[in-house]
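Participant: Okay, predicted coordinates and the sequence, questions at the end:
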Amino acid sequence: MKSEILIEEEKIRKRVEELAAQLDKDYDGKSPVLVGVLKGSFIFLADLVRKMKTPHQVDFLTVASYDGGVKSTGVVRLVSDLSINIEGRHVLVVEDIVDTGLTTDYILKNLGTRNPASLEFVTLLDKRICRKADVPIKYAGFEIPDQFVIGYGLDYNQYYRNLPHVARL
Ligand code: 5GP
């Protein structure tokens, strides 16, 4: 499999630090719940929370829309749910990448029914050009073109998540 580096490790590290500093400002005194969307966000989330100083809780949910390929099926399923009650809580959903926005839209609607105090999204990568659903992404690491990418948590057939950089296939 041939791949080409799109975002270097060092560039990601710096951007994650900037995002953490911004979140520390915005969530000061709010004790947010950071919700990692599995599996792709696990590395971004791990790096992000270790740079944050604001006390917060971490939880996860798993959604599926890709089934291993390079094209979204467009049908989003909740595979596993949160363990924390988010009613009245400030919730920040942590995503690896927003592409069509259908996954984000699903999560927005699903978590929105649980009456959080606030519900925002942070994504490492934003393929804004591919949007089908108009979703409010408050924080984004990098805007990227319409290319399938791997590494830093993102997979192809469940492989390559361990790459320290983001690469295009
Ligand atoms: P969306 O619902 O916004 O189209 O897609 C969101 C999900 O699709 C992401 O959480 C991710 O799992 C997957 N995805 C979208 N684009 C890519 C990509 O370029 N590479 C990888 N590995 N997954 C992607």
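Facilitator: All right, it came through fine. Small disclaimer: the values here were computed from a predicted structure and weren't measured.

Participant: in the protein, which spans are helices?
Facilitator: Ranges of helices in the chain, per DSSP state H, are 9-26, 42-51, 102-112.

Participant: Dump these to a markdown table, plus distance to the ligand, mean neighbour count and mean pLDDT.
Facilitator: Using the backbone N, CA and C atoms, a C-beta is placed for each residue, glycine as well. What follows is the helices of the chain, written out as a markdown table (distance: least, C-beta to the nearest ligand atom, whole Å; neighbours: other C-beta atoms under 10 Å; pLDDT from 0 to 100):
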| stretch | distance to the ligand | mean neighbour count | mean pLDDT |
| --- | --- | --- | --- |
| helix 9-26 | 15 | 15 | 98 |
| helix 42-51 | 11 | 18 | 98 |
| helix 102-112 | 3 | 18 | 96 |
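
Participant: Quick one: closest of these to residue 165.
Facilitator: helix 9-26 (4.9 Å; C-beta to C-beta).

Participant: if we can go back for a sec, format the helices of the chain as CSV; extra columns: distance to residue 76.
Facilitator: What follows is those, written out as CSV (distance: least, C-beta to C-beta, whole Å):
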stretch, distance to residue 76
helix 9-26, 25
helix 42-51, 19
helix 102-112, 4
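
Participant: ok, now which ones touch the residue nearest to residue 125 when sequence neighbours are not counted?
Facilitator: Excluding the flanking residues, the one nearest residue 125 by C-beta to C-beta, 6 or more residues apart in numbering is residue 97, at 4.1 Å. Taking C-beta atoms under 8 Å, 6 or more residues apart in numbering, we find residue 97 in contact with 40, 123-127, 149, 154.
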